[in-house]
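K.L.:
Predicted structure and sequence below. I'll ask about it afterward.
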Amino acid sequence: MDHTSAIDYTDGAVPPDATGDTAHLQGRMGVAELALTVLAFAAPLASVVGVLPLVIIFGGAGAPLAFVAATVVLLLFSVGYTTMSRYLPNPGAFYAYISAGLGKTVGLASSFLAMLGYMMVGLGITLFFGIVAHDTVATTLHGPDLPWWSYCILLVLIVGALGYLRIDLSAKVLSVVMIVEIVIVLVFDAAVGVKGGPEGLSLEPFTWSAFSQGQVGVAVLFAVITFLGFEATAIFREETKNPRRTVPRATYLGVVCIGAFYILTTWLLIVAYGPSQAPEIANANAPAMFTDAMQAFVGTWGRDTINILVVTSAFAAVLSCQNIVARYGHSLGVDRALPSALGKVHPRHGSPHVSSLVFTAIFLVGVLVFSRSDPAKTYAWLAGAGGFPLLLLMFLTSVAVLVFFHRSRTEITDTTSWHTRVAPVLAIIGLGAALYLSFTNFTLVTGGDEGIAIALQVVTWGVFVAGIVLALFFRAKRPETYARIGRQSLI
């Protein structure tokens, strides 16, 4: 049977890798550090500045309800996802779970999609970092006017160095950056909450009549995209303290905290301008909507702080992305689906150092390739396109959870129907709707160029098909490698 035997690793033990080597990734992240590490990928401050106005444009004054809907859908996804993590101690996340539920062929193809999605988003945010770092140094700090791509190269090198070292160091850096950027936004929230906007502390944004006047589906789609990255908690399973408890708690904590953060800030951003005016202002000048409000309610120091912290927010997002994609490469190297060197673990740092170096090189090549492009446009379509395969993988994972527990219903008796059937089905419906909206609005999500949108869809599905073809090759010619896909044969 092409799925994993149900074994509950209550003590957090990790099986040996595919080569028989008992060495595995090492770290001691707790719940808060793990949640902050993966949420850094979502770049909350950058999302507040760049994405919240888009949700307001499409959702109108009722935009906070788009984040309410996204939070509910992702909490439903988390129910089955974290329940499955009890029975699959593998750190491969999407790769391991889809392999266990839908088979090794789809699982390997999904792992390629995951790497594609994270690399596209990571490279896109790297270009964004170059833009904002250049503007901050040259304009806000009155420093030298260096090429924007030079900041991208510096970022990739720093991130590569941190990725080479033990995860605990990256976790501490990400935790500090995340806390600082969240605090500055909460300062804005408090200022608006105390002073009120031109129409007072209106609760109109939480009414269905306000939300239904906008393009509900597209608003929810952009809201869901701002959460992407939280699902990577299971990737760091080997590097946490007591993973059986840490991974589920960090997943739920991440979704709830970031959901509450976006709901509150979107509401108060609308209040700052007034529900009747906010959608029009967002449509007229989305990039400056939040920073202008920050200056009006907090002061020039708040605006300048935001401009600087957007740079650190982008840095944290790229570091988180680097850590995630390096661990996908590590898992595939361990399973010999990619060169086994990627599966090596540094003897002192306990990090996937080879995989991290390889992806650092890929990011550097990407920066050089796009150094002559318009970084603003390239960033937009890379980030938007990268979200699509990640949404697709969340949908497939929900299906895999449902299938896995149905197959294992006679072996697993300590779960409830809510965890193994009801919540996964509801997640499939919600994520399926988001996936449909992402596909039908793909040109909009990737910046509005139809030719680029078509090319990106071809690349996405081409990578998925290539993964299927490779898996079928392994099954026919290298059955020992096929047996290891998803580490299913090791448990």
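P.N.:
That came through fine. Numbering: from 1, shown residues only.
K.L.:
roughly how far apart are residue 371 and residue 33?
P.N.:
Shown here: residue 371 relative to residue 33, a distance of 35 Å by C-beta to C-beta, to the nearest Å. Yep, even glycine has a C-beta here, placed from its N, CA and C like the rest.
K.L.:
So the two - more neighbours on which side?
P.N.:
Comparing residue 371 with residue 33 by neighbour count (other C-beta atoms under 10 Å), the higher total belongs to residue 33, at 24 against 16.
K.L.:
my guess is that one meets residue 178, correct?
P.N.:
No: no contact is recorded between residue 33 and residue 178 when judged using C-beta atoms under 8 Å, the distance being 10.0 Å.
K.L.:
quick one: pLDDT of residue 250?
P.N.:
Among the per-residue scores, residue 250 holds a pLDDT of 86.
K.L.:
now swap in the one 5 residues further on and tell me
P.N.:
In this model, residue 255 is scored at 89, pLDDT.
K.L.:
pretty sure it contacts residue 74?
P.N.:
Yes: contact criterion C-beta under 8 Å: residue 255 and residue 74 qualify, at 5.0 Å.
K.L.:
Of those two, which one has the most company?
P.N.:
Between residue 255 and residue 74, counted using other C-beta under 10 Å, the more crowded position is residue 74 (27 against 24).
K.L.:
any idea how far residue 67 is from that one?
P.N.:
Shown here: residue 74 relative to residue 67, a distance of 10 Å by C-beta to C-beta.
K.L.:
Need the residues touching each of the two.
P.N.:
residue 259 (C-beta atoms under 8 Å, 6 or more residues apart in numbering).
K.L.:
For residue 286, the count of nearby residues, please.
P.N.:
For residue 286, the neighbour count with other C-beta under 10 Å is 17.
K.L.:
Quick check: closest non-adjacent residue to it.
P.N.:
residue 53 (3.8 Å; C-beta to C-beta, 6 or more residues apart in numbering).
K.L.:
my read: the one you found touches residue 290, true?
P.N.:
Yes: using C-beta under 8 Å, residue 53 and residue 290 qualify as a contacting pair, with a distance of 6.9 Å.
K.L.:
okay, and the common contacts of these two?
P.N.:
residue 269.
K.L.:
Pull the contacting residues for residue 272.
P.N.:
Contact criterion C-beta under 8 Å, 6+ apart gives 192, 197, 278, 293, 296-297 as the residues in contact with residue 272.
K.L.:
if we go to 6 Å?
P.N.:
Listed by C-beta atoms under 6 Å, 6 or more residues apart in numbering, the contact set of residue 272 reads 192, 197, 293.
K.L.:
Assumed the second one was part of a helix.
P.N.:
No: according to DSSP: H, G, I helix; E, B strand; the rest coil, residue 197 belongs to no helix; its state is coil.
K.L.:
pretty sure it contacts residue 276?
P.N.:
No: contact between residue 197 and residue 276 fails when scored by C-beta atoms under 6 Å: they sit 10.4 Å apart.
K.L.:
the more surrounded of these two?
P.N.:
More crowded of residue 197 and residue 276, by other C-beta under 10 Å: residue 197, with 21 against 13.
K.L.:
From residue 303, how far out is the more buried one?
P.N.:
Residue 197 sits at a distance of 18 Å from residue 303 (criterion: C-beta to C-beta).
K.L.:
who touches stretch 297-311?
P.N.:
For stretch 297-311, the surrounding residues in contact (C-beta under 6 Å, 6+ apart) are 45-46, 49, 132-133, 136, 140, 181, 184, 188, 191-192, 291, 294-295.
K.L.:
Could you identify which of those residues has the most neighbours?
P.N.:
Neighbour counts for the contacts of stretch 297-311, by other C-beta under 10 Å, peak at residue 294, which reaches 28 neighbours.
K.L.:
tell me which strands and helices the lowest-mean-pLDDT helix or strand in the chain is in contact with?
P.N.:
When the helices and strands of the chain are compared on mean pLDDT, DSSP states H and E, helix 31-39 comes out lowest with a mean of 75. When contacts are defined as 3 or more C-beta pairs under 6 Å, 6 or more residues apart in numbering; DSSP states H and E, helix 31-39 sits against helix 167-195, helix 243-273.
K.L.:
Poorly predicted segments of the stretch 251-400 of the chain, please.
P.N.:
Counting by pLDDT under 70, the stretch 251-400 of the chain has no low-confidence residues at all.
K.L.:
Try it again at 90.
P.N.:
By pLDDT under 90, the weakly predicted segments of the stretch 251-400 of the chain are 251-255, 257-258, 283-288, 304, 307-353, 355-356, 372-388, 390-391.
K.L.:
What are the boundaries of the helices in it?
P.N.:
Along the stretch 251-400 of the chain, the segments classed as helices by DSSP state H, counting those that start in this stretch run 278-284, 289-297, 300-334, 353-369, 375-407.
K.L.:
Nearest to residue 110, out of the ones you listed?
P.N.:
Shortest distance between residue 110 and the helices of the stretch 251-400 of the chain, using C-beta to C-beta, is found for helix 375-407: 5.6 Å.
K.L.:
quick one on the thing from earlier: among the contacts of stretch 297-311, which pair sits farthest apart?
P.N.:
Of all pairs drawn from the contacts of stretch 297-311, the one with the longest distance (C-beta to C-beta) is 133 and 192, at 28.2 Å.
K.L.:
Quick check, pLDDT for the residue most central in space within the chain.
P.N.:
Per C-alpha atoms, centre = their mean, the C-alpha nearest to the average position across the chain is that of residue 229, at 1.8 Å. The per-residue pLDDT reported for residue 229 equals 74.
K.L.:
Could you do residue 59 as well?
P.N.:
At residue 59, the predicted lDDT confidence score is 90.
K.L.:
so who does the residue nearest to the centre of the chain touch?
P.N.:
38, 41-42.
K.L.:
State the distance from it to residue 398.
P.N.:
Applying C-beta to C-beta, one obtains 17 Å for the distance of residue 229 from residue 398.
K.L.:
Mind checking the helices of the stretch 251-400 of the chain for the one nearest to residue 164?
P.N.:
Minimum separation from residue 164 across the helices of the stretch 251-400 of the chain (C-beta to C-beta) falls at helix 353-369, 5.0 Å.
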